[in-house]
Structure formats: C-alpha cells, structure tokens
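Q: sharing a sequence plus its predicted fold:
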Amino acid sequence: MRISRIDLWHVRVPLPAPFFPSWIPGHRQTENRFDLIRLTTRSGLEGWSAAPAMGRERQGLGALLGPYFLGERADDIANVGQRIREMGYLGQRVAWVECACWDILGKARGKPVYELLGGEGGSVGLYASSGERRSAASRIEEVQRRVAEGFSTVKLRVHDDSLEQDLEHIRATRNGVGDAVRLGVDANQAWRVAVIDECARWDYARALAFCKEAERLAFEWVEEPLPMDDYEALARLTAATKIPIAGGELNSQGLPEFKGMIERGCYDWYQPDAIFTGGISGTWAILQHLQSRGATYTPHTWTNGIGFAVNLQLFAASESRKQGTLLEYPLSPPGWVEEVRDALLTEPWRHEQGRLALPTRPGLGFEIDRAALRRYGSRFFTATNLRVAVRAVLDRGLAEARALGTARRRRLAQREAELATMQDPALEALVELAPAPSRERTPVD
C-alpha cells in the first residue's frame, strides 16, 4: 500500500449567483475554490482529499509533499501523522492530506471509513446551515423554505454593526417562523476576517447579552460568540449561560489545544473540522476525548463536497450520532447549492427530508467525476519517484541527492521492520490516541 504518485489540482467551480459569506464581510464570492490531492499506490488504489483555497496560495506545496510522502505506506497512519507534523514545523499545515490515506485504506479493505472506526450504516439527521447575513424578511423566507424541504433545524448568521441589530434579527426571525422550528445562530467571531470590510468585534458583554436573548427566544445554540483563543472569556460565557455555546471548528493545533479547551469548559458543543484539526485520526482522538468528558460533538462542514464527506464519516462513527445530534448541511441558495458544493462528485450529497443516507462505497464514500475535474481543475503538481529524484539532482547535485536517497531508503526499511510487529498499523494508531480515563472537570470560576 505504498504511495507511488501524488497529484495536486487547483479547482475553480463557478457559482450560479454571487455568494456573500458571512465570515468574510464584503467578499463577493463567485467561485468555489479548493485544492485537490490524489495519492496513488503501487497497486493503483486512489485516495482523494481537498482543502478550501482563496487562490493559488498552495502552489509550492508539492515540492514538500513529494519527498515526505512518496514511498510511505498509506495504512501507516502514525507515520503519516508524523510526516504531517514535520511539514507543519516547516510552515505547511496539511492535515487534510491524511484523509486521502483513509480513503485508500477503506478501499483496500472494502469498507467505508465509518465502519473502520466502528460505526454502522443507515442515515444521519441534518440541520440546514445558512451562509449569508440577510434582512429579517429574507431570513424568515429562507427558514420557511428549509422547513418545507424537510429540515427541522436551521442555523442563522448574524454580526451586524450593533448588538441591537443582531437582537432584532433573531427576534424577528423567531416571531416570523414560530416556536416549532428549531433555530441556531452563528456569530462568526471565532476567526474574524476583516480583510475587505470592517466588521463588529464582539466583547464579553456583547456576547453575554446576545446569548441571554437567544436563550430567551428558545434558540438551540449560539456558535462562535467570541475569539477562538480567548479561552477565559469563552469559559466564563459558557458557565454564565444555559444555552449551549458551540465552536472549535478551525482550531488547528489538534488534540493538545482541544484538551485545554475541554478542561477549561470553553464550549458545550465542539465542532472540529477534520480538514483543519488533524485529519481523520487526529479528529478521532479529539472526539473520543469529547465523548469521554460528556461534551457534544458535531463537526463544521463548510468546505466542499470532499471535506463534507470526511466529516460525515467521522460523525457517522461518533456517539453523538447515536444520541440524535444533527450534522451541519451547508446550503445557501441561490449561490451555494449542492451542485456547486459537490461539483467534482459523481453523486452530490443530497438530503431527503432533512436526513442523509450514509454512503456504502468503500473509503470516503464518493467517486470523482473525471469530466468535471478536467473542466474545473488545473493540475499544478505531479510527483513520482523519478521526478523527485531528478529534482533532487538538479537542486543539490548528484552526490548529495544519492546520499539523501540512501538515507531515506534506510529509514523506510527501518519503519517497515517496525510495522512487521503490528497486527494493524492503521487501527493501532487509533488505539494509541484513545483518551485517558474520565475524571470530573474542575469548575470554572
């Protein structure tokens, strides 16, 4: 199961209408952009993953990926994780690449990834996740449409200039749609981006006032009401309110960071997105710790159809699914619709009355539409052993390239000897990530 080829594409899918993401105020988005990777093994198995992109900021990624991943075993998850950590030290955060190895692993074993993680088939419940700030009248109409499509729960977006504007929005929406509809609301304060337009920066007092009103209006949760690294204020807010506080979607330091948040009591609901928070194995470790502490897990999924697939697999294997927790389903017509979100997939992730049937295909559960990839994608890197060897000679000279190749082969042989003592390297890596025995959390002052 050794990786013998790496391909990278930059993908640009035109939107049917402009989309104005609430998390980047002022940004007029006309394309769904992301970078796509394919790992191919010697036996021809293909593993895919993708990460959102603003532009071509990852143009040089391949030069680092080739030496780090070629020749490695896709099922050696612990080793893949170590390679990813080392690339992070060098300035490249590529946890999303690890998901392609799980795609290969599932295909090799003929099982969806959620089954490898101990999950079962069936379906999962969804909540409709809006993506734009809107007027109250437009929001009421949006929620009513989602309810008519079968969703029981809809997430709104706020963060207008003033607190009173945000409060009026959630009041008007609740009054307009009635008490039977379950509503959540996202303030997008965790990772505030003001690169185009200025946007309000919430402090503790504003967040507390908003959460108290959302609680009075029987909202289900408030998401990202404060910066994601203001742990003290988040813990105070969570302790001071009854409404669940949610967040943690893009915290990129993985399990150590989440352990700190869990111990402080920063959130009631944690939303790690595996594309950012450690790939499948790293996020699996996070959700195991969450579940052992009694916290709710429901991942962020606003990337693209491939990122959605990754988080779907994890959620399908989680205890939260068994408890009836809902999974985020990004949908914000007319700009952000399934055909755009999932443009590279032969079959988009389509809900039926607010539920989604779990895939039965092995791996991550989708197939890439090759015609769509040719239409929307531009390949910017290919690595094979020969290409990497030639590049090394050109960059470093023949003697040094030979020395590097010899050292690398020695390391691979040593690792192969270690793997020979393991029954299942992939699943043993997950066992090593299992949480410590549960203990009571120290109350936050």
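A: Everything's here; your move.

Q: any idea how far residue 116 is from the residue lying farthest from the centre of the chain?
A: Here the chain reaches farthest from its C-alpha mean at residue 399, the gap being 42.5 Å by CA atoms, centre = their mean. In this structure, residue 399 lies at 44 Å from residue 116, with CB to CB, to the nearest Å as the measure. From N, CA and C alone the C-beta is placed, and that goes for glycine too.

Q: quick revisit: show me what counts as buried in the helix or strand containing the residue farthest from the centre of the chain.
A: Under the criterion of DSSP states H and E, residue 399 resides in helix 398-419. Along helix 398-419, the positions that meet the burial threshold by neighbour count (16 or more other CB atoms under 10 Å) are 401, 412, 415.

Q: can you redo those residues as JSON lines with distance to residue 282 and pLDDT?
A: Formatted as JSON lines, the entries for those read as follows, by distance: CB to CB, whole Å; pLDDT from 0 to 100:
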{"residue": "401", "distance to residue 282": "33", "pLDDT": "74"}
{"residue": "412", "distance to residue 282": "23", "pLDDT": "81"}
{"residue": "415", "distance to residue 282": "20", "pLDDT": "84"}
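
Q: what values do phi and psi take at residue 336?
A: Main-chain torsions, residue 336, degrees, to the nearest 10: phi -110, psi 100.

Q: if I look at it, how far off is residue 19?
A: Using CB to CB, we find residue 336 at a distance of 5 Å from residue 19.

Q: shared neighbours, those two?
A: Residues touching both residue 336 and residue 19 comprise residue 131, with contact defined as CB atoms under 8 Å, 6 or more residues apart in numbering.

Q: surely residue 256 is within a helix?
A: Yes - looking at residue 256 with DSSP: H, G, I helix; E, B strand; the rest coil, it is inside a helix.

Q: what about it, neighbour count?
A: 7 (other CB atoms under 10 Å).

Q: for residue 158, same thing?
A: A total of 26 residues lie near residue 158 under the criterion other CB under 10 Å.

Q: residue 300 now?
A: Per other CB under 10 Å, the neighbour tally for residue 300 reads 26.

Q: so it lies in a helix, does it not?
A: No - secondary structure assignment places residue 300 outside any helix; it is coil (three-state DSSP).

Q: please, which helix or strand holds the nearest residue to it once chain neighbours are set aside?
A: In space, not counting the residues next to it along the chain, residue 300 is nearest to residue 249; the distance is 3.3 Å by CB to CB, 6 or more residues apart in numbering. Element membership for residue 249, per DSSP H and E: none, as it lies in no helix or strand.

Q: rewinding a little: TSV please, covering the buried residues of helix 398-419 and showing distance to residue 285.
A: Supplementary listing: the buried residues of helix 398-419 in TSV, determined by distance: CB to CB, whole Å:
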residue	distance to residue 285
401	37
412	26
415	21
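
Q: where does residue 9 fall, phi/psi-wise?
A: According to degrees, to the nearest 10, the main-chain angles of residue 9 amount to phi -130, psi 150.

Q: for residue 33, same thing?
A: Geometry field for residue 33 lists phi and psi as phi -110, psi 140, criterion degrees, to the nearest 10.

Q: all further residue positions should be reported with the first residue as 49.
A: In the new numbering, first residue 49, that becomes residue 81.

Q: what number of residues lie near it?
A: Counted with other CB under 10 Å, residues neighbouring residue 81 total 17.

Q: now it, nearest residue through space, not along the chain?
A: The shortest distance from residue 81 to any residue that is not its chain neighbour, by CB to CB, 6+ apart, is 4.9 Å, and that residue is residue 101.

Q: you'd agree that neighbour is up against residue 83?
A: Yes - the pair residue 101 / residue 83 is scored as a contact, 4.9 Å apart, by CB atoms under 8 Å.

Q: of these two, who's got more company?
A: Summary of the neighbour comparison: residue 101 and residue 83, criterion other CB under 10 Å, with residue 83 having more neighbours (23 against 18).

Q: using PDB, write out the CA atom coordinates for the host helix or strand of the more buried one.
A: According to DSSP H and E, residue 83 maps onto strand 77-89. Taking only C-alpha atoms (Å, rounded to 0.1, in the frame of the first residue of the first chain), the coordinates of strand 77-89 have been written out as PDB:
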ATOM      1  CA  GLN A  77     -17.600  35.100  -3.900                       C
ATOM      2  CA  THR A  78     -18.200  33.900  -7.500                       C
ATOM      3  CA  GLU A  79     -16.400  30.500  -7.400                       C
ATOM      4  CA  ASN A  80     -16.000  27.500  -5.100                       C
ATOM      5  CA  ARG A  81     -12.200  27.300  -4.900                       C
ATOM      6  CA  PHE A  82     -10.200  24.400  -3.400                       C
ATOM      7  CA  ASP A  83      -7.100  22.400  -3.800                       C
ATOM      8  CA  LEU A  84      -7.400  18.700  -4.500                       C
ATOM      9  CA  ILE A  85      -5.000  15.900  -3.900                       C
ATOM     10  CA  ARG A  86      -4.800  12.400  -5.200                       C
ATOM     11  CA  LEU A  87      -2.500   9.800  -3.700                       C
ATOM     12  CA  THR A  88      -2.000   6.700  -5.800                       C
ATOM     13  CA  THR A  89      -0.500   3.400  -4.500                       C
END
